[in-house]
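Novice: From the sequence below, what's the structure:
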Amino acid sequence: MLVFAAGDKATEAKDAGADYIGGEELVEKINGGWLDFDVCITTPDMMKHVGKLGKILGPRKLMPNPKSGTVTMDIEKAVKDSKRGRVEYRTDKNGVIHSPVGRVSFDIEKLLENYSAWWKPLPRQNLQQLKENT
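Specialist: From the prediction side, this is the model:
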């Protein structure tokens with residue numbers, strides 16, 4: 001997990017358990033090809049620097065966004081939520097659910113466990129309807 005923050009917010013990110021913390025130096029590093037993180041969080045004041053990374057982070061779904069809670073002044077909460085496994089999901093225009101089931105560092109057993117946990121809460125009646133309509 002990477003956090004773009006300075007001053008007290010950088011300290012807050014470190015105390016909350018962020019893996020990488022910095023500012024413009026991390027922008028340079030990412031521009032150089034480094035992408036060894038799976039979540040990117042930032043404070044609003046750092047967006048002027050992070051915005052330069054849109055073409056790199058955007059296609060990889062790593063660009064911080066206020067709607068997803070990754071552009072925030074409450075860095076501690078964002079880092080802790082992410083560390084606990086907060087997962088974003090989206091649906092496309094056809095109703096297909098897009099969601100990660102793990103991180104790059106997870107072994108296959110952990111990925112299968114996460115997939116099973118993700119699948120269980122889906123309402124069974126909707127699954128039955130899907131089967132009937134296909």
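Novice: what's the neighbour count on F37?
Specialist: 18 (other Cβ atoms under 10 Å). Using the backbone N, CA and C atoms, a C-beta is placed for each residue, glycine as well.
Novice: For it, which non-adjacent residue is closest in space?
Specialist: Using Cβ to Cβ, 6 or more residues apart in numbering and skipping the chain neighbours, the partner closest in space to F37 is L2 (4.1 Å).
Novice: For burial, what's the neighbour tally of the one you found?
Specialist: 25.
Novice: and the gap between it and T43?
Specialist: 13 Å (Cβ to Cβ, to the nearest Å).
Novice: same deal with I75?
Specialist: 7 Å.
Novice: which residues do those two both contact?
Specialist: Common contacts of I75 and T43 (Cβ atoms under 8 Å, 6 or more residues apart in numbering): 5, 9.
Novice: can you confirm V50 is in a strand?
Specialist: No: V50 sits outside any strand when classified using DSSP: H, G, I helix; E, B strand; the rest coil, being helix.
Novice: just checking, it touches A5?
Specialist: No: contact criterion Cβ atoms under 8 Å: V50 and A5 do not qualify, at 10.5 Å.
Novice: overlap in contacts of those two?
Specialist: By Cβ under 8 Å, 6+ apart, the residues touching both V50 and A5 are T42.
Novice: for the residue nearest the centre of the chain, phi and psi?
Specialist: Centroid-nearest residue in the chain: V39, 3.9 Å away (criterion: Cα atoms, centre = their mean). Phi and psi for V39, reported as degrees, to the nearest 10, are phi -140, psi 140.
Novice: Likewise for D36?
Specialist: phi -90, psi 50.
Novice: Then S116?
Specialist: Dihedral angles for S116 - degrees, to the nearest 10 - are phi -60, psi -40.
Novice: so how far is E109 from it?
Specialist: 11 Å.
Novice: K67 now?
Specialist: On the measure of Cβ to Cβ, K67 and E109 end up 33 Å apart.
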